[in-house]
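A.B. asks: Okay, predicted coordinates and the sequence, questions at the end:
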Amino acid sequence: MSLLMPERDQVLAAHIAGVLTDIVEHAAADPSSRRPSPLPDARAGSRARDELGVDRDQLKAALGTFGSGVTIVTGMHDGAPAGFTCQSFFSVSLDPPLVALSVMSTSTTYPTIRDAHRIAISVLAEDQRELSNQFARSGTDKWAGVAWAATPGGAPVIAGCVSWFECEIESEIEAGDHIVVIARVTALRGSQDARPPLMYWSGGYQRFEA
Ligand SMILES: Cc1cc2nc3c(=O)[nH]c(=O)nc-3n(C[C@H](O)[C@H](O)[C@H](O)COP(=O)(O)O)c2cc1C
């Protein structure tokens, strides 16, 4: 193709090829140059947002687009079960088996169950929406009319849940107005039927369409 180019363009093409070769060779020799640099727009945008502050409502709305299941996190306190509704439950590691949850630092229940270091996480079924609401009301008798059973380690799980995990608390990280709790799974029961889980996003419960 270069044979069809005027001589001036051929010189220019050769020059560009040389520059490109230099860049490639430099990148191969210097590993730091292979790190992806932030996209210019994203970098400028996040800096501006840091300075101006993030709009709380917009943040909640955006985070709300990330749908998930709903759990009830429980433990024993003074011989009685205690618990609270928790959506921010997520898997961390298979080996070792670790899960995590994010707890509001204003929770009155979590401090009472953390002392035993053993908690249970019940993944709610689609028909357990009322239980989700019940365990989200601070200062009420959350266990009124609730059937539960103990895990091998003695933590209470909600009857009829889709699955449950018995865990020992490994560590806690204070993060803003929440505490991120990392816990090791010590026993579990997976779903024995095909019932769908309760789903929550955009500020409400949603039907899970398989
Ligand atoms: C669907 C749903 C999801 C929730 N997810 C969380 C959560 O991830 N972390 C949390 O700390 N609270 C969450 N809450 C709120 C707590 O359940 C509520 O603040 C708690 O039960 C307060 O009671 P307590 O003072 O007895 O702890 C959620 C509530 C609902 C209805």
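C.D. replies: Arrived safely.
A.B. asks: Output the lowest mean pLDDT helix or strand found in the chain.
C.D. replies: Between all helices and strands in the chain, the lowest mean by mean pLDDT, DSSP states H and E belongs to helix 40-52, at a mean of 44.
A.B. asks: Can you name the secondary structure element that comes next after it?
C.D. replies: Per DSSP states H and E, the first helix or strand lying C-terminal to helix 40-52 is helix 56-64.
A.B. asks: Direction included, what does the very next helix or strand once past that next one pair up with?
C.D. replies: Of the helices and strands lying after helix 56-64 in sequence (DSSP H and E), the nearest is strand 68-69. Take DSSP bridges as the rule and strand 68-69 pairs in its sheet with strand 199-201 (antiparallel).
A.B. asks: so does the strand it pairs with get close to the ligand?
C.D. replies: Yes. On the criterion CB under 6 Å from any ligand atom, strand 199-201 is in touch with the ligand at Tyr200. Using the backbone N, CA and C atoms, a C-beta is placed for each residue, glycine as well.
A.B. asks: All the helices of the protein, residue numbers only.
C.D. replies: 7-29, 40-52, 56-64, 110-114, 129-134 (DSSP state H).
A.B. asks: ok, of those helices, where does mean pLDDT dip lowest?
C.D. replies: Comparing mean pLDDT across these, the lowest value falls on helix 40-52: a mean of 44.
A.B. asks: List the buried residues of stretch 116-130.
C.D. replies: Ala116, Arg118, Ile119, Ala120, Ile121, Ser122, Val123, Leu124, Ala125, Glu126, Gln128, Arg129 (16 or more other CB atoms under 10 Å).
A.B. asks: wouldn't the fifth one be in contact with Ala100 here?
C.D. replies: No. With contact defined as CB atoms under 8 Å, Ile121 does not reach Ala100; the gap is 10.3 Å.
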